[in-house]
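Asks: pasted the sequence and its predicted model underneath.
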Protein chains: 2
Amino acid sequence: MGSGEVKRVSLAVIRRLPKYHKCLGELLQKNVERVSSQELGRILGFTASQVRQDLNNFGEFGQQGYGYNVEQLYNEIAKILGLNTEHKMVIVGAGKLGQALAGYRDFERHGFKILAMFDVDPHLVGSKVRDVPVYDMNDLIYYVNENEVDIAVIAVPRERAQEVADILSKTLVKGIWNFAPVEVDAGPNIIVENVHLLDSLLTLSYRMNESKLMERLARKNEKKTGFVKIPAE
Amino acid sequence: MGSGEVKRVSLAVIRRLPKYHKCLGELLQKNVERVSSQELGRILGFTASQVRQDLNNFGEFGQQGYGYNVEQLYNEIAKILGLNTEHKMVIVGAGKLGQALAGYRDFERHGFKILAMFDVDPHLVGSKVRDVPVYDMNDLIYYVNENEVDIAVIAVPRERAQEVADILSKTLVKGIWNFAPVEVDAGPNIIVENVHLLDSLLTLSYRMNESKLMERLARKNEKKTGFVKIPAE
DNA sequence: TAGATTGTTAATCGATTAACAATC
DNA sequence: TAGATTGTTAATCGATTAACAATC
């Protein structure tokens, strides 16, 4: 590995970053000044080792014998997550889901500003949700480019999702947050994050079913291998 | 490992199950009769090896020289996911998000039947969304037990989420699908699946920011280690 | 039968945990 | 200083991939 090269950060680490961020935000609220990897790990259910390894992917934020300064670490992680600059968002699809997202205060609090929504339904176009205006879908490209929108949320039905992605791929958006239950393709320059709600529900269902399933499997194995199975080693 | 014992299935495998299920459903639609691990892997972006390893956690569903029968494998995975029995759901919180979920047809198609919604707001109580009635929050415990509800969806604001979980922990529900941005605790007998939308958005933001971040890191490393760094080994 | 493809064991890879010298 | 806790290297664990005998 040559000078200055950096090993790629694994997805597992990335998915833990928002947890650190949230936890540190809460500690900050409570005016906690410093925190050790041990304590941070205890709160989040990680080992101290993992906490230190995770953070050291991005820099040396701690101090021996002291730990980490909560405020400083919070700000560093915010920077890593790209929260130091404001993000401009639009929501494509002003149905119930789009409206729900438009009303979600948490996003704005983290610097994600929802500028507008877009829909094909003439009954919705011209209305407002909270204070977010709903515009005609035909104006999407123009609006996005004109207002330097960063992120587009896809909240349209499955059938329309890829069309929307195609439109967006002609714009300057850098990210798509996709709620439609299909993988959309928007070319190599746009990052797509999928929220597949059905997958999440099916995972819940699996876990509710797991103990029964394992019993059945165990019985089947018994039958197959005879009453006593000698372990492989 | 004694007779009939079964090694625990890893979360990574579990999270892939819905992908297999979806893919097989689509193949079934197209009247594809058989599929090899190779082909299935190609579609989903997994290796053939991984496909076979994943499936063999649950049984031997294939046939040498043939592959897997699409319909049979689809049904087996449905069983593994607990989709062979219908699930009764209620949605707690009839705001925009609750309404959006109530209108989502995909759930019903997979055997998740939404029976009712619950809210504290007297303006909402008594109304209907699609054909799902909204009842008073006070009737939640009674309704859930009376109608043998399996799964409760938490779609209330952050501040109310734990209260709702406490109520649900006194009922016979087996699973909670939590959309509030807090970890809720509902005791050891109820499985909780969290959908933390903000985490997902922050992950998108990280990835949009990653190349810039890595450049900065690389420069910092250069400075720290001098112009040429000799690799460790 | 010959070819294809499984189920499964072994090898590899990567992520997590443990250990410890460095140092505040 | 002595105690605490980091950053980092080494050891362990688990998940993915490769290989191949079994067999349809």
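Replies: Noted; the coordinates are in hand. Residues are numbered from 1 along each chain as shown, chains lettered A, B, ... in the order given.
Asks: all contacts plus neighbour counts: C-alpha atoms, from now on.
Replies: OK.
Asks: helix/strand/coil for the residue positioned nearest the centre of chain A?
Replies: The geometric centre of chain A, computed from its C-alpha atoms, lies nearest to residue A:193 (C-alpha atoms, centre = their mean), at 7.0 Å. At residue A:193 the chain is in strand, as set by DSSP: H, G, I helix; E, B strand; the rest coil.
Asks: residue A:153 too?
Replies: strand.
Asks: got a list of what residue A:119 touches?
Replies: A:92-94, A:125, A:134-137 (C-alpha atoms under 8 Å, 6 or more residues apart in numbering or on different chains).
Asks: can you pull out the helices in chain A?
Replies: Here chain A has its helices, by DSSP state H, at A:11-29, A:37-44, A:48-56, A:70-80, A:96-102, A:105-109, A:140-146, A:158-169, A:197-225.
Asks: right, is the shortest one up against chain B?
Replies: Looking back up the chat, that one is helix A:105-109. Yes: using C-alpha under 8 Å from any C-alpha of the partner chain, helix A:105-109 reaches chain B at A:106-107.
Asks: picking that back up, who's in contact with the residue nearest to the centre of chain A?
Replies: A:175-178, B:200-201, B:203-204.
Asks: got the domain ranges for chain A?
Replies: Domain segmentation of chain A under automatic domain parsing yields A:11-80, A:87-197.
Asks: deepest of these, which one?
Replies: domain A:87-197 (a mean of 19; mean count of other C-alpha atoms under 10 Å in any protein chain shown).
Asks: point out where chain A drops to low pLDDT.
Replies: Scanning chain A for pLDDT under 70 picks out the ranges A:1-5, A:222-233.
Asks: that older thread, CSV for the helices of chain A, including distance to residue B:20?
Replies: As requested, those are exported to CSV (distance: least, C-alpha to C-alpha, whole Å):
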stretch, distance to residue B:20
helix A:11-29, 21
helix A:37-44, 31
helix A:48-56, 31
helix A:70-80, 34
helix A:96-102, 26
helix A:105-109, 32
helix A:140-146, 35
helix A:158-169, 19
helix A:197-225, 11
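Asks: just send these back as TSV, with distance to DNA strand D too.
Replies: Formatted as TSV, the helices of chain A follow (distance: least, C-alpha to the nearest atom of the strand, whole Å):
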stretch	distance to DNA strand D
helix A:11-29	11
helix A:37-44	4
helix A:48-56	4
helix A:70-80	10
helix A:96-102	31
helix A:105-109	28
helix A:140-146	37
helix A:158-169	27
helix A:197-225	13
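Asks: residue A:115 and residue A:140: what is the separation?
Replies: 12 Å (C-alpha to C-alpha, to the nearest Å).
Asks: actually, residue A:37.
Replies: Relative to residue A:140, residue A:37 is positioned 46 Å away (C-alpha to C-alpha).
Asks: now do residue A:10
Replies: Where residue A:140 is concerned, residue A:10 sits at a distance of 34 Å (C-alpha to C-alpha).
Asks: surely residue A:208 touches residue B:175?
Replies: Yes: when contacts are counted by C-alpha atoms under 8 Å, residue A:208 is listed as touching residue B:175 (6.5 Å).
Asks: what is in contact with the two at once?
Replies: Residues touching both residue A:208 and residue B:175 (C-alpha under 8 Å, 6+ apart): residue B:191.
Asks: what's the longest strand in chain A?
Replies: In chain A, with assignment by DSSP state E, the single longest strand is strand A:112-119.
Asks: chain center to that strand, what's the gap?
Replies: Offset of strand A:112-119 from its chain centre (C-alpha atoms, centre = their mean, to the nearest Å): 18 Å.
Asks: list the residues that contact residue A:13.
Replies: Neighbours of residue A:13 in contact, by C-alpha under 8 Å, 6+ apart: residue A:54.
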